[in-house]
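In: Generate a structure from the sequence data that follows.
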Amino acid sequence: MDYPIASNLLISLPENLLSSFPFPDFNKILDFQFLGIVLSLTLISSIESLLSIKAVDKLDPQKRRSNLNKDLRALGLASAISGFFGGLNVVTVIARSSVNVNNSASNRSSNFFHAFFLLLFVILFQNQIQKIALPALAAILVYTGYKLSSPSNILGIARIGKEQLAIFLATLITTLLGGIILGITIGIISAFLIHVLINNSFLLFTRNILKPNVLMYREEESGNYYVSVKNFCSFLNFYKLKKMLDEIPENAHAILDFSLCEFVDHTVMEGVNDYRRVFSRKGGLFEIIGLDIHLADTEHPFAIRKVLPIKEFFALNKNLTKRQLSLEKLSKVLNLSYNPEMSSESKSLDQFIFFKTKLINYQNNQLISLENNFSFFDLSYSEGAFIAKEDLKASFLLINLKEKIPSFMLDKEMFLGTINERFKYKDLDFKKHPVFSKRFYLSGSNESQVRTLFDEKLINFLIKNVDYYIESKKSYLLIKRKDRLLSIEEIKKLLSFATELVLILKNKKNE
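Out: Next up, the predicted model:
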């Protein structure tokens, strides 16, 4: 029986791969059309690689920072060598990198083995590959394109600010009509013009673009690094600030002051937030001050900031959602403080293994008890990046016990199994408590201390409450009930559970 799909719609491979390598032809080396294609491919591959490298740095469990110049030189050299053998240009691909990171890859060998196995499959499974329909591959490309420009992504850009949506649409439409080079050019020009309109000042940018606007020095008494930015800070001159920040050790205390800066754009806000995340993970402290008199059109942490006169000082939006109103009411009943604002601060969360391969976006709707040292909050975070990115939201409870307890992770068996395999933790079973061992995965860095902590009273309490993920680190407890935002009643149950748990742990300490 003939294959049901026409041969012209199937992948075609040469019979002899080694003899089919094309050799370079330099006849069109000075042709303007050829040079335009080269420039387009160079821009596309460079931009995609830079974005992917930045995303991989955020996903890296070891919190390393890539050398962008070195990586771009390597990609350029690899693309040149590939071209001599008829290959495509080499780029960093986020989908492959995300899979590698999520499967415990830690160095460049993961890319080598990916390429090796890909080549091996092409050699060994030629017949099977040639039965793949080209429309199926085209459908994958369409789906990938849709994920990159889906309505949810467009809405996400709009939440940052209307000006970001205008820049995005101008770039997108121009790219579709005139090509990538024209699209990038119009995108840059439209961003600059929108910034001029927002500030109602052309001179703010043209008069200060070439002036040094970043001052950095180290304070003698405290040893802190102080960085002051004046005039404006946008995508046009962010490299000046970045150069200074790169000189500061990531385990130091850095203070970034925008009080003399009239305008800070989205690129800078996102960039300095990345620095704050890196510093906190390396044991340092990165503080941002001086934005108190700046207006933001939205509550997004990366929204542009513009200085306003005192009489037009930014007032908080009091239009709370129904859930936020319920949380505010609950806070009054329980004598808690409530803060609905978004915050990108995540220093206390980065220490937990749960967030090792996740990127924290922001937290909001905080219920804080200074008396009992706990904080409930909604958290937005993500796994992977770009086409492999999955945005998640869940409610968490963070408790400071004020005294160190053994580090452990506890969750229902089906979930924590993957974490144990990833981070090489051993599952701890209790022969005297087979029901507990069957329902839960329990693991920790010090097995004897964890077994001592989990006595009969604690185990029996947890058997009655199987819906919670619990992780301890030093004196902190992180508790999560569902992989989603909790309802008001669920929040009450979470707080009740946490109160009993803390009481058991403290009684255990006092024994």
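In: what's around residue 69, how many residues?
Out: Per other CB atoms under 10 Å, the neighbour tally for residue 69 reads 8. In this view, the C-beta of every residue, glycine as well, is placed from N, C-alpha and C.
In: Let's see the pLDDT reported for it.
Out: Looking at residue 69, its pLDDT is 85.
In: Contacts only, for it.
Out: Listed by CB atoms under 8 Å, 6 or more residues apart in numbering, residue 69 has no contact partners.
In: what comes up buried for the helix or strand containing it?
Out: Following DSSP states H and E, one finds residue 69 within helix 68-84. By neighbour count on 16 or more other CB atoms under 10 Å, the buried set for helix 68-84 is 72, 75, 76, 79.
In: Can you tell me what sits against the helix or strand following it?
Out: Using DSSP H and E, the helix or strand that follows helix 68-84 in sequence is helix 94-102. Helix 94-102 is contacted from outside by 51-52, 55-56, 59-61, 110-111, 114, 357, 383-389, 422, using CB under 8 Å, 6+ apart.
In: Name the next helix or strand downstream of helix 94-102, please.
Out: helix 109-124.
In: Could you confirm residue 217 falls within a strand?
Out: Yes - counting by DSSP: H, G, I helix; E, B strand; the rest coil, residue 217 is found in a strand.
In: pretty sure it is touching residue 226, no?
Out: Yes - assessed by CB atoms under 8 Å, residue 217 is found in contact with residue 226 at 6.0 Å.
In: so of the contacts of helix 94-102, which ones are in strands?
Out: residue 383 (DSSP state E).
In: Among the contacts of helix 94-102, which ones are in helices?
Out: Using DSSP state H, the members of the contacts of helix 94-102 that fall in helices are 51, 52, 55, 56, 59, 110, 111, 114, 422.
In: and the least confident of the residues you listed?
Out: Lowest pLDDT among the ones in helices among the contacts of helix 94-102: residue 422, 45.
In: more crowded one of residue 217 and residue 226?
Out: The residue with more neighbours, out of residue 217 and residue 226, is residue 226; 16 against 10, by other CB under 10 Å.
In: strands paired with whichever strand or helix holds the more buried one, and their directions?
Out: Here residue 226, judged by DSSP H and E, is contained in strand 225-233. Strand 225-233 has the following sheet partners, assigned by DSSP bridges: strand 214-218 (antiparallel), strand 253-264 (parallel).
In: deepest of these, which one?
Out: strand 253-264 (a mean of 20; mean count of other CB atoms under 10 Å).
In: how does the protein divide up, domain by domain?
Out: Domain segmentation of the chain under automatic domain parsing yields 7-132, 142-200, 214-312, 323-510.
In: chain center to the longest one: distance?
Out: The reference is to domain 323-510. Its chain's C-alpha centre and that of domain 323-510 lie 21 Å apart, by CA atoms, centre = their mean, to the nearest Å.
In: residues touching the closest residue to residue 263 other than its chain neighbours, list them.
Out: In this structure, residue 263 finds its nearest non-sequential neighbour in residue 232, 4.3 Å apart by CB to CB, 6 or more residues apart in numbering. Residue 232 makes contact with 199, 204, 205, 208, 213, 261, 262, 263, 264 under the criterion CB under 8 Å, 6+ apart.
In: Check residue 215 too.
Out: 227, 228, 230.
In: quick revisit: nearest to residue 496, of the contacts of residue 232?
Out: For these, the minimum distance to residue 496 (CB to CB) is 43.0 Å, reached by residue 264.
In: who's in contact with the closest one?
Out: Residue 264 touches 229, 232, 233, 234, 258, 291, 294, 304, 305, 306, counting by CB under 8 Å, 6+ apart.
In: hmm, 7 Å instead?
Out: 233, 258, 294, 304, 305 (CB atoms under 7 Å, 6 or more residues apart in numbering).
In: what bits of the protein have low per-residue confidence?
Out: Across the chain, the ranges flagged by pLDDT under 70 are 1-2, 18-19, 221, 292-293, 308-322, 386-387, 414-425, 509-511.
In: Quickly find the element holding the closest residue in space to residue 474 that isn't next to it in sequence.
Out: Leaving aside its chain neighbours, residue 474 sits nearest to residue 404 (5.4 Å; criterion: CB to CB, 6+ apart). For residue 404, there is no host helix or strand (DSSP H and E).
In: What is the neighbour count of residue 404?
Out: Residue 404, neighbours per other CB under 10 Å, totals 12.
In: what residue is smack in the middle of this structure?
Out: residue 359 (3.6 Å; CA atoms, centre = their mean).
In: Can you list the helices and strands that the helix or strand it falls within packs against?
Out: Residue 359 belongs to strand 358-369 when elements are defined using DSSP H and E. Applying 3 or more CB pairs under 7 Å, 6 or more residues apart in numbering; DSSP states H and E, one finds that strand 358-369 makes contact with helix 322-333, strand 337-339, strand 374-383.
In: CA-only coordinates of the last one in CSV, if you can.
Out: Pointing back at strand 374-383 there. C-alpha atoms of strand 374-383 as CSV (Å, rounded to 0.1, in the frame of the first residue of the first chain):
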residue,chain,number,x,y,z
PHE,A,374,4.4,35.2,59.2
SER,A,375,3.5,36.5,55.8
PHE,A,376,0.8,35.2,53.5
PHE,A,377,1.0,36.3,49.8
ASP,A,378,0.0,35.5,46.3
LEU,A,379,2.9,34.8,44.0
SER,A,380,3.4,35.0,40.3
TYR,A,381,6.3,32.8,39.0
SER,A,382,7.2,30.9,35.9
GLU,A,383,9.0,27.8,34.7
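In: Within the sheet, what are the partner strands of the next helix or strand after it, with directions?
Out: Remark: after strand 374-383, the chain's next helix or strand is strand 390-400, criterion DSSP H and E. Its sheet considered, strand 390-400 pairs with strand 374-383 (antiparallel), strand 476-480 (antiparallel) by DSSP bridges.
In: ok and the longest one relative to helix 94-102, angle-wise?
Out: Between the axis of strand 374-383 and that of helix 94-102 there is an angle of 130 degrees, by axes from the mean of the first three to the mean of the last three CA atoms, to 10 degrees.
In: which residues are in contact with strand 374-383?
Out: Against strand 374-383 from outside (CB under 7 Å, 6+ apart): 357-368, 389-399, 485, 491, 498.
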